[in-house]
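Peer 1: sequence and predicted model, in that order:
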Amino acid sequence: MSFEQITKLLDAVESKLNHQLPELADRVLSLEQRGNNPPKADTNGTPRSGRAAGTLVLRSAEDVRRHFSGGTAEPIGLRDFLRGVAGMKTTEAVTKALSVGTDSAGGFAVPRGTAGSIVEAMVPVSSLLRAGVGIIPVGDMKTLTTAAIASIPTATWRAESAAIAESDPTFRSILTTPQSLSFRFKVSRELLADAPMMEQALETVIAQAMARALDRTGLRGTGTAPEPRGLRFTPGVTLKASGPNGFAGPGWDTIMSAYMDILALDCPAPNAVIMSPRSWSRLFGATDTTGQPLQAPEPLRGLQYLVTSQIPNTIVTGTSNDTSEIYVGNFSLCNWMMREEVAIQRLDEAHATTGEVGFVGHVRADFSVFYPAGFAVVTGLR
């Protein structure tokens, strides 16, 4: 074989490998996740899909889909699963799943793939998840201690043999304890048995119920058991108030001020702003003297501006009872620590006389803020 032929052969092999490498990498990642092994970093040292090294963090619907894929020989739909829980005719796969997933105290564990479809459906309807808050599956652990940044150390120059100046503590531990979040709903037996679009409707209803609760708690949870602590009441988060009785707004100067407060603490630049619909309308509806919309300053144009109904407009600030809040920060610095098991329990007697079937869904989660100084909450917006 001539040198020219060998060169052409090597070029062909290299081209084929370059074409197949992305697919092979995806297969390896899928196998890692199914085996519950920590995902490896890419060749440049960056964990895949925004995950912290050694910890599986789900930050997108695609991450959720990959993590929860597999585990069952036959896909199990949510409607078929609920029919099995209700004692109605269902598929063989559901029957097998119920035979190994029965828990007299907490109902039936939703199969892995089915639970994944619920979590995946939550992502586009949750302002926090859309802003980049991750989901860390913690498996069967009842508590988990994670490290968080308390402050950045101060480095100082020193003379030879001189003492090293003492700096502030840089890390703190966060004890996360997944708490129970429950929701109840009912379905007629006829609808559960016959409706062709019931699968999608059930996923939407359950996902939206969970997403709304997670948004409210992740933003404004008090931390008083059994409710997890949200950003608003996390020590280290900057609270910005103007005037004892609130102030009119918001304007772009309001967002810029919160943005600059975060940068002044040498924290990562914000990636999103979360507010109530009223605040969003006033911010983007403001006009100049000629009736033209006011433009955002250049540093603020790349941010996500997300809306949630879970930030109220009826917060009491001094003598005002009509104020709201705005949350600014890099939301990849937060995570939901979530038990993977979503359980469904049947209510046997509650709706028997109306021919309906009642269900209660349970999930356990806790909210963790990795770097509180990276967030600012503007309060008192009238």
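Peer 2: Okay, I see it. Numbering: from 1, shown residues only.
Peer 1: which pLDDT value belongs to Asp63?
Peer 2: We have a pLDDT of 86 for Asp63.
Peer 1: any idea how far Pro124 is from the residue nearest to Glu227 when sequence neighbours are not counted?
Peer 2: Closest residue to Glu227 in three dimensions, ignoring its sequence neighbours and counting by Cβ to Cβ, 6 or more residues apart in numbering: Gly221, at 5.1 Å. Bear in mind the C-beta positions are built from the backbone N, C-alpha and C, glycine included. If you measure Gly221 against Pro124 using Cβ to Cβ, to the nearest Å, the figure is 22 Å.
Peer 1: so for the two, which sits in the more crowded spot?
Peer 2: Gly221 (21 against 11; other Cβ atoms under 10 Å).
Peer 1: go ahead and confirm that one touches Asp366.
Peer 2: No - at 9.6 Å, Gly221 and Asp366 do not qualify as touching, with contact defined as Cβ atoms under 8 Å.
Peer 1: what's the overlap in contacts for these two?
Peer 2: Counting by Cβ atoms under 8 Å, 6 or more residues apart in numbering, the common neighbours of Gly221 and Asp366 are Pro228.
Peer 1: how distant is stretch 117-134 from the center of its chain?
Peer 2: Centroid separation between stretch 117-134 and its chain, computed with Cα atoms, centre = their mean, to the nearest Å, is 5 Å.
Peer 1: helix or strand: which one has the residue nearest to the spatial centre of the chain?
Peer 2: In the chain, the centroid-proximal residue (Cα atoms, centre = their mean) is Leu129; its distance is 3.7 Å. Assigned by DSSP states H and E, Leu129 falls within helix 127-131.
Peer 1: pLDDT below threshold where in the stretch 201-350 of the chain?
Peer 2: Where the stretch 201-350 of the chain drops to pLDDT under 70, the residues are 341, 348-350.
Peer 1: can you give me the strands in it?
Peer 2: 238-241, 272-275, 304-307, 315-317, 320-329, 334-338, 343-347 (DSSP state E, counting those that start in this stretch).
Peer 1: find the nearest non-adjacent residue to Leu129, please.
Peer 2: Among residues not flanking Leu129 along the chain, Val123 sits closest, at 4.8 Å (Cβ to Cβ, 6+ apart).
Peer 1: part of a helix, is the one you found?
Peer 2: Yes - counting by DSSP: H, G, I helix; E, B strand; the rest coil, Val123 falls inside a helix.
Peer 1: is it true that it touches Glu62?
Peer 2: No - here Val123 lies out of contact with Glu62, judged by Cβ under 8 Å, at a distance of 9.3 Å.
Peer 1: can you list the strands of the stretch 201-350 of the chain in JSON lines and add distance to Glu203 and mean neighbour count?
Peer 2: Below are the strands of the stretch 201-350 of the chain laid out as JSON lines (distance: least, Cβ to Cβ, whole Å; neighbours: other Cβ atoms under 10 Å):
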{"stretch": "strand 238-241", "distance to Glu203": "37", "mean neighbour count": "16"}
{"stretch": "strand 272-275", "distance to Glu203": "24", "mean neighbour count": "25"}
{"stretch": "strand 304-307", "distance to Glu203": "22", "mean neighbour count": "16"}
{"stretch": "strand 315-317", "distance to Glu203": "33", "mean neighbour count": "18"}
{"stretch": "strand 320-329", "distance to Glu203": "28", "mean neighbour count": "22"}
{"stretch": "strand 334-338", "distance to Glu203": "17", "mean neighbour count": "24"}
{"stretch": "strand 343-347", "distance to Glu203": "13", "mean neighbour count": "19"}
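Peer 1: and these: which comes nearest Pro111?
Peer 2: Of all the strands of the stretch 201-350 of the chain, it is strand 343-347 that lies closest to Pro111, at 10.5 Å by Cβ to Cβ.
Peer 1: elements contacting that closest one?
Peer 2: helix 78-85, strand 107-109, strand 356-369 (3 or more Cβ pairs under 8 Å, 6 or more residues apart in numbering; DSSP states H and E).
Peer 1: how about JSON lines for these, with mean pLDDT, mean neighbour count and distance to Ile136 added?
Peer 2: Shown next, in JSON lines, are the helices and strands packed on strand 343-347 (pLDDT from 0 to 100; neighbours: other Cβ atoms under 10 Å; distance: least, Cβ to Cβ, whole Å):
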{"stretch": "helix 78-85", "mean pLDDT": "83", "mean neighbour count": "23", "distance to Ile136": "24"}
{"stretch": "strand 107-109", "mean pLDDT": "75", "mean neighbour count": "20", "distance to Ile136": "19"}
{"stretch": "strand 356-369", "mean pLDDT": "88", "mean neighbour count": "21", "distance to Ile136": "8"}
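Peer 1: to Cys334, which of the ones you listed lies closest?
Peer 2: Closest among those, using Cβ to Cβ: strand 356-369, at 5.3 Å.
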